[in-house]
Each structure stands twice: as structure tokens, then as C-alpha cells.
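**Q** Need coordinates for the following:
(4 chains)
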Protein chains: 2
Amino acid sequence: MQTSARRPGRPRNREPSVEYKARLAEIVETAAKVFREKGYDAGSLDDVAAELNLRKASLYYYVHSKAELLYRIFDKTISTALSSVEKCLSIDDPEERLAALIRHQAIMVASEPSFFTVFFDQRPRLARNYDSEILAKERQYLHVYQEAVASAVEDGALPSMKARYGAQAILGMTSWIYKWFDPDRDDPEAFAEACVDMILGVVRRTHDESETYRQETGSPRASRAAEKSR
Amino acid sequence: MQTSARRPGRPRNREPSVEYKARLAEIVETAAKVFREKGYDAGSLDDVAAELNLRKASLYYYVHSKAELLYRIFDKTISTALSSVEKCLSIDDPEERLAALIRHQAIMVASEPSFFTVFFDQRPRLARNYDSEILAKERQYLHVYQEAVASAVEDGALPSMKARYGAQAILGMTSWIYKWFDPDRDDPEAFAEACVDMILGVVRRTHDESETYRQETGSPRASRAAEKSR
DNA sequence: CCTACCGATCGGTAGG
DNA sequence: CCTACCGATCGGTAGG
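**A** Model (predicted):
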């Protein structure tokens, strides 16, 4: 009999269907938009549902609580960030690696304003039971920047400093874009280059000296920076 | 008659008493603490009142609404920042002036975490009728940093860049401290110096060249940076 | 995925 | 500065 080939007992829970997962993703995305605009506490589940032409109660088919919805926004944000940052880690040159990380953070944040605005501004609203998981991933992410700073210092591309401070300075400088970026006015790529130039660019001689620049060293960063400062 | 010396009509509203103003300041300070911890929407007036051993209704003797309370937090924050930043503007040397502005922002934000956390994270919760006044002051404040960046670029202390991007980068790098600063672990002064070194410090020669630094130029920044990177 | 509904919280007011 | 209270909103559930 064919049926004897079936596993005994209750069939395992099936994986959620692709439709289900797509709908859930849509809900999470909409929630990020609503929470960005109204904040987590003032943005109601009615608001989220209405934007999807649903009733509030229907959302509970997909999430158990409003708190879980917030968690899903956080998890998607930090998980995507963690996996997309990896491409920078294959760069061997410490200065180039740090430059890539700077660009990565600025451009990523600017490209997903809803998720990152909620991630950054609603961080204290995340329920306790979700906190440790997100915190662990945040630390991983910070660690990537700390290591890159430490290597750049060792390489002589950055002045000596605590890796923690250097990493937080860079993450602040780049992430802050979510607070002021105006798509009609600003260019994330140009901003990212300005950040790279500030942190790693060739500094011209100061004061009343003649405008002679450092000799080029063959580093792609140095030569590009010298070219730009013309 | 003595009474004839009085001005005719209803006496002018007296200035609020000093006790009244002190109590109001206390309420605003407490609200900043509560809104920092719970957020503006989730932090109730009952919470604020309880921390002052008052009943909620008593707060209405001092403010007309919860929205006004938030406004007062914003106004105190940006007004204090605007007036305290002025001391940096008397510094003539563009590099030193920018260095002072960098230190100022990092240390100020770290020293008033409640006010700045609310200021930065609850900005979109500020009611429309208060928005333009705060926005105008924010722009003034940004302008200070933009001008300083432009001068530093002209002076050769910074690579060429849009003043807006340079200013936002510096404000982001320094302000971000409110999100990660741990008083038991971190030192705002040391962080501020790390920021100054990253933005204005002498960059060592890159890659496998010998560790020769730029010649000193007599600039206090350059000499201090060279000293630190020993 | 829906209708109907509950219980709790909260900003704000009356009146003193 | 207080007691007492109202009206509205909202997360969540019952039951389908």
C-alpha cells in the first residue's frame, strides 16, 4: 500500500507556503512604513491593516502580537545588514576594506529608510524577550567595523585609537544619513565618498604652506583622493 | 491717594514667579527622563507626575498639553546647544575651530543623554505647530557646522567636499554617542579626541612605506596628532 | 481572513 | 495642586 510509505503519526507541520511568507513580508514592510511615520506606539495595527486593505484581526493570522511585528522588522534589518556586509570582508587591503564598509553603511541605510528609521529610533521599544537575539547580531555587526578599524590603524591608514570609538564614529557618521537625507536633494554615493575622504582621504598640508599634497604612494585611495582634491 | 499712582485697568500679568519657573524646569527634566526611557507615546503623564509625587492633573497647571511638554524639551535642548556652541566661534584658526566644534557636540550630547535622546529619537512626534520654530533653530545649528567645514576645506584642513555632507558627517559621528555611550565604560573626552584625530589628525603614510609622518607645520593640531600617534 | 466586542490605558477637563 | 471622571483609542480575543 502506498499509505504505508507515509511516516507514522501526525504529519509534520508543513513549511509555511510561499504565499504565506510573501504576505507576511508585505505586512512587515508595511508595518515598517507605518512605524517610521507614526512611531511604534502611535502607529496602530489598524493603520497597518488599513494600508493593506485588511482588518486588524487578520494580522493575527500572521503575527502573534504587535511586539512580534516590531521584532520582525528588527530581525530583517540586522540580518540583511549582516549578510550584505560580508562582501566587504573579502577585500584584502585594510584601507580599501574600511572604505568599502563606510560606503556600504551609508548606502544601505539610505536605501531602506523605513527599516532603518524604525531600527534606530524604536530600538528601546523592542520587547525584552526579543532583545538578546537582536543585540547579539548588533554586536556581530559592530565587531566587523571594529576589526576593520583595528586593521586600518595597524596599516597606518588611520591614527591610533580605540577600535570601539573608531567603529562607532564611522557607524554614526554614515548611519546618521537616515535623519537628514532628502532624496530630491542628496546623493548617497556622493555622501559616502565624502565620508571616505574625511576618514581616509589624503589630508592636505595645513595653514599658509603652499598647496603641495602628499606624494602619491600607489594606494588607490590616495591617488583617487588626490585627484578629487584638485 | 496712593492708589491713584497705580496704572489704570487690569494689572499686567506678572512674570511667572521663580518658584513656578523652577518647578516647570523640574517637570520638563523629569519628562525628558520618562520619555527617554519609555518613548514619548508610551510614557504617560501619570508616569511623569508620579516621579514628582504629583497627580497628573497638577501638571496642567504648568503645561497646556503633553505636546507642549515635548516642545519644551526640544526648545531647551536646541536653545542650550545654540548658545553653548558660540564659544567655539571665537576661535580664529579654521582647523582648531572645527576641532572645538567636534569636541563640543560629542561632549554636550554625552552630558545630557535624556534631552538628546528625546530630541533625536522623538523628533517626528513633535506637533506641527511647534515644528517650524525648532526647525529654524536646527538649521541655524547645522549652519554653524557647515560654515566651519567650508572654512576648513578652504584652509586645506579637510579635503574638498559639499559643506552639507561634511557637516552632517561630523554631526552624525559625534551625536551618535547617545546611542552607545556607556558611562561605566566609555570616556566622552577620549571619544571626542578620536573623532578629531579621524577628521583632522595627521594621516600616516599608507602601506609598506616606512613610518615617517608629515613634517610638523607648527599647527597645534598637527603637533598634537603626531605626538598621539607615537 | 472577517465581524463584533472586551478591558485597559490615557490625555484631558470639571470643579474645587 | 487635588479628586473624580469622561471619551477615545487600541491591542487582543471569540467565534466563525
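**Q** For the lengthiest helix in chain A, list every residue counted as buried.
**A** Longest among the helix segments of chain A by residue count, using DSSP state H, is helix A:128-155. Of the residues in helix A:128-155, A:130, A:134, A:137-138, A:141-142, A:144-153, A:155 count as buried by neighbour count, 16 or more other C-beta atoms under 10 Å in any protein chain shown. C-betas here are computed from N, CA, C, even on glycine.
**Q** How about it and chain B, any contact?
**A** Yes. Using C-beta under 8 Å from any C-beta of the partner chain, helix A:128-155 comes into contact with chain B via A:Asp155.
**Q** elements contacting the very next helix or strand once past that helix?
**A** For helix A:128-155, the following helix or strand on the C-terminal side (DSSP states H and E) is helix A:163-175. Packing contacts for helix A:163-175, counted by 3 or more C-beta pairs under 8 Å, 6 or more residues apart in numbering or on different chains; DSSP states H and E, involve helix A:94-111, helix A:128-155, helix A:188-200, helix B:163-175, helix B:177-180, helix B:188-200.
**Q** And the contacts of the shortest one?
**A** Put plainly, it is helix B:177-180. A:120, A:123, A:168, A:172, B:106, B:109-110, B:113, B:116-117, B:120, B:186, B:188, B:191 (C-beta atoms under 8 Å, 6 or more residues apart in numbering or on different chains).
**Q** Quick check: residues of chain A near DNA strand D?
**A** Residues of chain A lying near DNA strand D by C-beta under 7 Å from any atom of the strand: A:42-46, A:56-57, A:60, A:64-67.
**Q** Averaged pLDDT, stretch A:92-99. What do you get?
**A** On average, the pLDDT along stretch A:92-99 is 97.
**Q** quick one: is that stretch near chain B?
**A** Yes. Remark: stretch A:92-99 sits within contact range of chain B at A:Glu95, by C-beta under 8 Å from any C-beta.
**Q** Next: stretch A:58-74.
**A** No. If you take C-beta under 8 Å from any C-beta as the test, stretch A:58-74 misses chain B, and the best it gets is 12.0 Å.
**Q** quick one: that stretch near DNA strand C?
**A** Yes. Contact of stretch A:58-74 with DNA strand C is found when judged by C-beta under 7 Å from any atom of the strand, involving A:58, A:60-62.
**Q** Now, those that are in helices?
**A** Residues from the residues of stretch A:58-74 next to DNA strand C lying in helices, with DSSP H as the criterion: A:Ser58.
**Q** ranking the residues of stretch A:58-74 next to DNA strand C by neighbours, who comes first?
**A** In terms of neighbours by other C-beta atoms under 10 Å in any protein chain shown, the residues of stretch A:58-74 next to DNA strand C top out with A:Tyr62 at 19 neighbours.
**Q** got a list of what the residue nearest to that one when sequence neighbours are not counted touches?
**A** In this structure, A:Tyr62 finds its nearest non-sequential neighbour in A:Leu24, 4.9 Å apart by C-beta to C-beta, 6 or more residues apart in numbering or on different chains. Contact partners of A:Leu24, counting by C-beta under 8 Å, 6+ apart, are A:16, A:62-63, A:72.
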